[in-house]
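Participant: Turn this into a structure:
(one chain, ligands or ions: 1)
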Amino acid sequence: MQKIQDDILSYREMCDAENVQVLQRGMNFRMNLAYSVILMSQRSNAPYQDKIHDDGTTIEYEGHDVSKRSYDNSYDPKTKDQPEKLPSGRLTQNGYFIKAAKDYIDDKTTPELVKVYEKVFPGVWSLKGYFDLIDYKTIHDGKRNIFRYILKLSERQETSGVETITREHTRLIPSEVKREVWKRDEGKCVICGDTKNLHFDHDLPFAKGGTSLSAKNVRLLCMTHNLQKSDKIQ
Ligand SMILES: [Zn+2]
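Facilitator: A predicted model of the protein is given here:
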């Protein structure tokens, strides 16, 4: 089934949605013909600092370090600048995303479509949505240079390899709100208690003035109750 924004998935369901056995890396450039995939986490113990801008639709995603295996055992990734290339000259995942951002900025190509999943809790993932990769920057974090990618909520999404335009434009539900809602609703649909096919639902849709910035306006609904609700609104 096509996963839509704010659906909740187990790790297995996320891998199945991408037709892979495992999703090992956080950054997966051009995972298939239609889009790239990144995994993000705003948990306080996350290895990288990802954040949502105040506009509610832009993500700033930190680049990734290269594993020791690409160098030698004395290599400590956290003390080195994040590399754009491997010693062999091949691009790292950072390098591929940078190249795509540059192509968009310099040559006005269509921005790379990036599907973003976020970790809400261990084993609890949520599809954050489809984003356009529009820029990147290099910043010094006090110790070394790291990359930050700028991703803007896209009006496109793909359906079996073909891009389509998404329905309404919405604001992102911040990760801390998702965590609060997940705990409060105990991982169950608030109407029937189902624990399968859950979705973070805006009680009052954003388009009708509802805010996603507070847990009060977001709840867990199963697919059935989510669909029933959308029927009533339309
Ligand atoms: Zn339900």
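Participant: shaky segments in this protein?
Facilitator: For the chain, applying pLDDT under 70 flags the ranges 1-3, 70-71, 158-170, 205-207, 209-212, 230-234.
Participant: how close does D106 get to A100?
Facilitator: D106 is 11 Å from A100, where distance means Cβ to Cβ, to the nearest Å. C-betas here are computed from N, CA, C, even on glycine.
Participant: Comparing those two, which residue is more hemmed in?
Facilitator: Taking other Cβ atoms under 10 Å, D106 and A100 do not tie; A100 has more neighbours (21 against 8).
Participant: ok, for that one, nearest residue in space, not its chain neighbours?
Facilitator: In this structure, A100 finds its nearest non-sequential neighbour in E112, 4.0 Å apart by Cβ to Cβ, 6 or more residues apart in numbering.
Participant: contacting residues for that neighbour?
Facilitator: Contact analysis of E112 by Cβ atoms under 8 Å, 6 or more residues apart in numbering lists 29-30, 35-36, 97, 100-101, 104, 132-133.
Participant: Please apply the same query to E62.
Facilitator: 48-50, 146-149.
Participant: who does it bridge with?
Facilitator: Note on E62: beta-bridge partners by DSSP bridges are R148.
Participant: Could you list the domains of this structure?
Facilitator: According to automatic domain parsing, the chain comprises the domains 8-168, 173-234.
Participant: With respect to the ion, which of these lies nearest?
Facilitator: domain 173-234 (3.3 Å; Cβ to the ion).
Participant: The closest one vs the ion: in contact?
Facilitator: Yes. On the criterion Cβ under 5 Å from the ion, domain 173-234 is in touch with the ion at 189, 191-192, 194, 222, 225.
Participant: Tabulate the contacts of E62 in a markdown table, adding columns for distance to the ion and neighbour count.
Facilitator: Formatted as a markdown table, the contacts of E62 follow (distance: Cβ to the ion, whole Å; neighbours: other Cβ atoms under 10 Å):
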| residue | distance to the ion | neighbour count |
| --- | --- | --- |
| Y48 | 35 | 17 |
| Q49 | 35 | 13 |
| D50 | 31 | 22 |
| I146 | 42 | 19 |
| F147 | 41 | 22 |
| R148 | 39 | 20 |
| Y149 | 36 | 25 |
